[in-house]
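>>> Turn this into a model:
(2 chains)
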Amino acid sequence: MSSTPDAQPEARTVRGTVVTTVPRASFDPADGSARPEELIDVYLRVNGAERHARVPGRRLLSDALRHDLGLTGTHVGCEHGVCGACTVLLDGQPVRACLMFAATAQGHEITTVEGLSTPDGELGPVQQAFVECHGLQCGFCTPGFLTTITAYLDENPDPTPEEAREAIAGNLCRCTGYQNIVKAVCRAAELRRGDDPAPDGTQTPPAPTQEEEQR
Amino acid sequence: MSTRTVGSPVQRREDPRLVRGDGRYLDDLGHDALAAAFVRSPHGHARIVDIDTSGAIDVDGVVAVWTWEDLAGSGTAEEPLPMLLPHPSIEHPVTGYALAKDRVHHVGEAVVMVVARDRYLAEDAAQRVRVTYEPLPAVVGVEAARAAEHLVHEEAPANVGAYFEQHLGDAAGQIESAPHVLELDLDIERSACMPMEGKGILARWDSEEGRLKVHASTQTSTGLRAALAAKLGLPLSAVEVITPDVGGGFGVKINHPWPEDVAVAAAAMRLQTKIKWVEDRREHFISSAHERQQLQHVRVGFDDDGQILGMEAQVWHDHGAYLPYGVIVPLNTATHIPGPYRMRNFSVTFTSLYTNTVIVTPYRGAGRPQAAYLMERTMDAIARHLGKDRTQVRSVNFVQPEQMPWDLGMVLQDGRMGIYDSGDFPASLEKLKELVGWDDFEEYREQARAEGRQVGIGLACYVEGTGAGPYEGGHIEIETSGRVNVSTGLTTQGQGHATVFAQIVADELGVKIEDVHVTTGDTRRMAYSVGTWGSRGAVMSGNALLLTARKVKEQALRIAADALEANPDDLEIVDGIVRVKGAPESQIPLPMVAVLSNPLRYAFDETARAATQFGGKSDESKPPVGDAEHPGLEGSDFFSPVRTTFANGMHAAIVETDPHTADITVLRYCVVHDCGPMLNPMIVEGQVHGGVAQGIGGALYERMAYDADGQLQNASFMDFLMPFATEIPHIETDHLETPSPLNPLGIKGAGEAGTIPTTAAIAAAVEDAEGFPIRRMPISPPELWELRKQHASNTTDPS
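Down below sits the predicted model:
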């Protein structure tokens, strides 16, 4: 029992396929009226570059980054602000990109995980520390941790393991058990300070001792 | 010689890409695809009276609105989804539909699919679909299912989907004559995998080629491919499934095809386009899969030493609204109850029940955490009854190392007999006692008590059948550039396969690990595979790739021997160069061997031009490619073990329980783990850490809170509590490596180990801190507080 929208009878029950590419009466989700959804021009400054997207006002920042600008490193894990996978830096401060409209990010500096590497393409210290410390498994939550930790180390460049644990306590990871992420925070702090030579390729720094990490 | 990498903590090769944000997960693909959204049942159980899609059709950008009727004409898409793993115990198999037909059986079941220009519009339109339901009584929880006042499916009397029993010796007789007998009622709740990335599918129909190309966040691309081809009436050769980066699985992505897979792929074919569906978090809670919930009754007879003489276990298992993945979970529970203990008189009966809740499929551990919970709670009860040390009671029951291989006497979920191949349980226990300081704990308890703190210690042991067959395969191809392309069919979702498999191949071939490139889960590269589940990736594909590498190496040495006019047995490969042992100046680089393997006349690159120096006189009487040869330096092989290998381990937890608030804090968590020789200790430890964290979540925080109507009350990360970093202690690990005789690498699986005994270990620690039995997990502070009240008013100890 197929029906096409061009042959709409009065309100009726249909259980059938609708296939069309012809535009129909438009729909504005704001009030359910027939007006087309208004698009707005949004100008975002992302990882130091000016970017433009023409999007509905309700477009989430996370979706705009991922789907309009193609920066898919920022992930969406819950879309209600708990998991932290979508965390980006807004003027250096971590924010949940899934709880913000793209339009409201105008006029701010946004840093995504793609912006954490050095200008010449080398891994940034937090990225490098995650690699060295096995701070990731599936990698889905990782960009949110990387941005969060980057901002944290700006404020506290020399955290104890206990402080490192607190610093990441707003992000969910389902793979690692967090232990190696804690280790990576401390290692990233060392790398940022440049006071520790990089370990060779097959070694990871020792874990914090039990005493160091007692909560 | 090259440095061997197997056994070293080699850094992961996938990481630089993932930390740059260059991962390719499902939703990172197909930005120009149409988007699907689903209208889902708001009722736990209801009859569908009417569906009115007219409001949805009005939405600008909507391309299709499908109900069950629209699935007709796409193969057998309108018929029920397959029962993937039939088993003789399944008395009344019921599976769901890709879109609900006449009834819905759980909240979240897909009823209508809307396809639109983007996800926002698809969701707008979905909200305008009007479905009229006639609600029916819902059956929620094991007790309601068992009481069977209402039925989930009319075709499943008493709500029973499957019933089975296994018996060893004479459990009842032994219990009757035992000096001591105990009975326990145990309860373990529902939890879920909750990978950070939900499920998803991107399906493209190529109308020019008549092919369906699917990207899916799955644990089995070959399985999904076969299922989609069958459901959509396509030849297998016209379907390809590619698994990109996957943001965690833990079991939930092994079930296939999901309703959405069939509906989306069918629509992509019909509309001759590209359609994507990405699950959102609420959908994941109410329409994917959960696990764990069981009620258990144990009757055990034992002697004065605590040696078990006979044991009977009855288990009632909640498997949710449908049974698409069969009875793997309860079968695993049944066969893992004996754990590391000698059980010669044992019986287990299992009743697997339908309820009006989300389906149950394997979650990390897959039925084994429940088995460890049952057995280890029983061990603790025996020790408590006899007033003995809990490690002592376990020791007298252990299978001894000299008794290996130990015939369990039970048929495993793969239909084969369970035989423990290796392990040294007394040695593991010694290591654990030392690691956690078991013998010094009373001193610590006194010290804590003096500070007004209440602490407890617990332990739990397990064995785990890992690396189940039937097979995995490998393919290795060495390019003329020296690049080594390695493929295996199973998928990866964070286990570091690209690193570990590269280590194995690099070591075996004698090439640099940098030259090895691993592809997993792409049916275009390897069409035969089973999937990533049951701690089998390294065991199955690791060994398959080892065998494949040996085969390709043999071919390389044969060709090189011809070129060097040497005997293949006298050759070795070091850092990608084939050379004569003892006379390294006589050598040929592996890339050049690749050129020689393919007698093609085009000098398309530098290596091919240089290879002419080895183009000696050819035998005019033979064809350029001999009968037993093939062009190209490449090969395939498969590994198929005779049976499952058994890993094992023991965990100990120290907890503190707040005397006023009943808050429970895990102070220390210690693990001794035996998965045989570790290919990459860093990765094994990472797997253990992650498993323990999930186990602690399951012990203390995670619970699917259904109301009596089948509404999931906590279907968000705000309300379903998963541990953050602050809830997980530093995990202390030690390893015992007893190699398995069942595979050339000698390895046993490690993926699920961390999760299996955690609930049991923490229950034991809380019990030890409080002094009364803990029989229901997870346990929250309010529940512990209630238990304290009960035990204060009723000092009779039920154990």
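>>> Count the neighbours of the residue lying closest to residue A:111 once chain neighbours are set aside for me.
Once flanking residues are discounted, residue A:111 sits nearest to residue A:89: 3.9 Å by C-beta to C-beta, 6 or more residues apart in numbering or on different chains. For every residue, glycine as well, the C-beta is placed using N, CA and C. Burial of residue A:89 is recorded as 23 neighbouring residues (other C-beta atoms under 10 Å in any protein chain shown).
>>> mind showing which ranges of the chain have poor pLDDT?
No chain in the question, so chain A it is. In the predicted model, chain A carries pLDDT under 70 at residues A:1-36, A:195-215.
>>> right idea, wrong chain: chain B
In the predicted model, chain B carries pLDDT under 70 at residues B:1-2, B:615-618, B:795-799.
>>> Now it against chain A: closest residue?
Proximity of chain B to chain A (C-beta to the nearest C-beta) peaks at residue B:21, 1.9 Å away.
>>> Count residues in the vicinity of the nearest residue to residue B:156 once chain neighbours are set aside, would you?
Ranked by C-beta to C-beta, 6+ apart and with sequence neighbours excluded, the top spatial neighbour of residue B:156 is residue B:92, at 3.8 Å. Using other C-beta under 10 Å as the criterion, residue B:92 is surrounded by 16 other residues.
>>> On the three-state scheme, residue B:92 is what?
coil (DSSP: H, G, I helix; E, B strand; the rest coil).
>>> quick one: contacts for it?
B:153, B:155, B:156, B:157, B:160, B:161, B:162 (C-beta atoms under 8 Å, 6 or more residues apart in numbering or on different chains).
>>> those helices in chain A, which residues are they?
Assigned by DSSP state H, chain A shows helices spanning A:61-63, A:125-132, A:142-155, A:161-167, A:179-193, A:210-213.
>>> Which strands or helices does the second one pack on?
To tie it back to what came earlier, the one meant is helix A:125-132. Secondary-structure packing of helix A:125-132 (3 or more C-beta pairs under 8 Å, 6 or more residues apart in numbering or on different chains; DSSP states H and E): helix A:142-155, helix A:179-193, helix B:15-19.
>>> Kindly report the residues of the stretch 51-200 of chain B close to chain A.
When proximity is defined by C-beta under 8 Å from any C-beta of the partner chain, the stretch 51-200 of chain B lies next to chain A at B:51-54, B:56-60, B:62-70, B:120-121, B:124, B:193-197.
>>> what do you get for the stretch 351-500 of chain B?
Where proximity means C-beta under 8 Å from any C-beta, the interface of the stretch 351-500 of chain B facing chain A comprises B:493, B:494, B:495, B:496.
>>> Narrow these to those in strands?
Using DSSP state E, the subset of these located in strands is empty.
>>> Just send those residues back as TSV, with distance to residue B:671 and neighbour count too.
Written out in TSV, the entries for these read as follows (distance: C-beta to C-beta, whole Å; neighbours: other C-beta atoms under 10 Å in any protein chain shown):
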residue	distance to residue B:671	neighbour count
B:493	22	27
B:494	19	29
B:495	18	26
B:496	19	28
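>>> Dump these into JSON lines; add distance to residue B:290 as well.
Supplementary listing: those in JSON lines, determined by distance: C-beta to C-beta, whole Å:
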{"residue": "B:493", "distance to residue B:290": "18"}
{"residue": "B:494", "distance to residue B:290": "21"}
{"residue": "B:495", "distance to residue B:290": "22"}
{"residue": "B:496", "distance to residue B:290": "27"}
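>>> Spatially nearest residue to the residue in chain A that chain B sits nearest to (excluding sequence neighbours)?
For chain A, the nearest residue to chain B under the criterion C-beta to the nearest C-beta is residue A:73, separated by 1.9 Å. Once flanking residues are discounted, residue A:73 sits nearest to residue B:21: 1.9 Å by C-beta to C-beta, 6+ apart.
>>> re earlier: and the residue of chain B closest to chain A, its phi and psi?
The phi and psi torsions at residue B:21 (degrees, to the nearest 10) take the values phi 80, psi 20.
>>> OK, contacts around it?
A:71, A:72, A:73, A:74, A:112, A:113, A:114, A:143.
>>> chain center to stretch A:138-157: distance?
Put simply, stretch A:138-157 sits 10 Å off its chain's centre (C-alpha atoms, centre = their mean, to the nearest Å).
>>> quick check, it touching chain B?
Yes - between stretch A:138-157 and chain B, judged by C-beta under 8 Å from any C-beta, the touching residues are A:138, A:139, A:140, A:141, A:142, A:143, A:146.
>>> and residue B:684, that one's in a strand?
No - according to three-state DSSP, residue B:684 belongs to no strand; its state is helix.
>>> Please give the number of neighbouring residues around it.
A total of 23 residues lie near residue B:684 under the criterion other C-beta under 10 Å.
>>> cool, and residue B:567?
Around residue B:567 there are 10 residues (other C-beta under 10 Å).
>>> Please apply the same query to residue B:344.
Neighbouring residues of residue B:344 were enumerated by other C-beta under 10 Å; the total is 14.
>>> With residue B:554 instead?
Summarising burial for residue B:554: neighbours were counted as other C-beta under 10 Å, giving 12.
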